[in-house]
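S.K.: Below is the sequence, then the predicted model.
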Amino acid sequence: QLQLHESGPGLVKPSETLSLTCTVSGASMIRSRYYWGVIRQPPGKGLEWIGSVYFDGTTYSNPSLGTRVTISIDTSKSQFSLKLKSVAAADTAVYYCVRLGYHCGAHCYSDFWGPGTLVTVSS
Amino acid sequence: IVMTQSPPTLAMSPGERATLSCRASESVGTNVAWYQQKSGQAPRLLIFGASTRATDIPGRFSGSGSGTEFTLTITSVQSEDFAVYYCQHYNTRPPNTFGQGTRLEI
């Protein structure tokens, strides 16, 4: 049974880098050929797609976040990761790791979600 | 592409029929998904392709629409259905974006 688990810092200082790791269990990232992604939700607000990554390392990210976003994958560890540079208070959110729909591409709906982890940006 | 949901809040009684709307700022074909989010939980996929129910989603949930107008219908609202519902367009002019949500409350 597929499980997604987010590991995050909990608290990040302004201007520093947020690092989030998503661990996949119950499925092979290589054999399953899914795109994997990260979506965030500021407290009390709506959902924002951050980016996605394929098993071969192909990535896409939300242009609104510019060059601050880096997404990577390590299939040997069944993990994918997000790095968000130069964070500010507006980056405070619950960050969700997700699986995208099968054979649907990098910008697909998300058919499986991790429980999410709250990351707060504060000094 | 901007997704606009209405109404922001919908007050219903159990057993009633609920209709939630989502409008896209330009045509997205049938590339719309709907999610349910209960308090303190991650969203759950209900509908994709505008009208296809996801795995294990009860038959009382149905989606319709194409182009710019979409609807999520719950034929007989149950107590466990009170939550926030989001629509999302996908695979058309990235990035995919979500509506602001409709809160279904008692």
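M.R.: On my side now, so go ahead.
S.K.: Please make it C-alpha for all contacts and neighbour counts, starting now.
M.R.: Noted.
S.K.: so what's the closest residue to B:Gly99 other than its chain neighbours bridging to?
M.R.: Spatial nearest neighbour of B:Gly99, chain neighbours left out: B:Met3 (4.6 Å); criterion: C-alpha to C-alpha, 6 or more residues apart in numbering or on different chains. As for beta bridges, B:Met3 partners with B:Ala24 under DSSP bridges.
S.K.: which residues sit in contact with B:Met3?
M.R.: By C-alpha atoms under 8 Å, 6 or more residues apart in numbering or on different chains, the contact list for B:Met3 reads B:Cys22, B:Arg23, B:Ala24, B:Ser25, B:Cys87, B:Gln88, B:His89, B:Thr97, B:Phe98, B:Gly99, B:Gln100.
S.K.: show me where chain A has helices.
M.R.: For chain A, applying DSSP state H gives helices covering A:29-32.
S.K.: in it, what secondary structure element scores lowest on mean pLDDT?
M.R.: Across the helices and strands of chain A, mean confidence by mean pLDDT, DSSP states H and E is lowest for helix A:29-32: a mean of 78.
S.K.: from the contacts of B:Met3, which ones fall inside strands?
M.R.: For the contacts of B:Met3, membership in strands holds for B:Cys22, B:Arg23, B:Ala24, B:Cys87, B:Gln88, B:His89, with DSSP state E as the criterion.
S.K.: gap between the closest residue in space to A:Val119 that isn't next to it in sequence and A:Tyr95?
M.R.: Among residues not flanking A:Val119 along the chain, A:Gly10 sits closest, at 4.6 Å (C-alpha to C-alpha, 6+ apart). Relative to A:Tyr95, A:Gly10 is positioned 10 Å away (C-alpha to C-alpha, to the nearest Å).
S.K.: likewise B:Gly101?
M.R.: 18 Å.
S.K.: still on that earlier bit, from the contact counts, what lies against the least confident helix or strand of chain A?
M.R.: Helices and strands in packing contact with helix A:29-32 are not found; criterion 3 or more C-alpha pairs under 8 Å, 6 or more residues apart in numbering or on different chains; DSSP states H and E.
S.K.: and it, which residues are buried?
M.R.: A:Met29 (16 or more other C-alpha atoms under 10 Å in any protein chain shown).
S.K.: how far is it from where the chain is centred?
M.R.: From the chain centre to the centre of helix A:29-32 is a distance of 18 Å (C-alpha atoms, centre = their mean, to the nearest Å).
S.K.: what number of residues lie near residue 59?
M.R.: Answering for chain A, as no chain was given. 18 (other C-alpha atoms under 10 Å in any protein chain shown).
S.K.: meant chain B actually
M.R.: Neighbours around B:Gly59, by other C-alpha under 10 Å: 9.
S.K.: Neighbour count for A:Gly10 and A:Tyr95, which is higher?
M.R.: Ranked by neighbour count (other C-alpha under 10 Å), A:Gly10 and A:Tyr95 place A:Tyr95 first, with 28 against 15.
S.K.: what's near enough to touch A:Pro14?
M.R.: So A:Pro14 contacts A:Ser86, A:Val87, A:Ala88, A:Ala89, A:Val121, A:Ser122, A:Ser123 (C-alpha under 8 Å, 6+ apart).
S.K.: That concludes my questions; thank you for your assistance.
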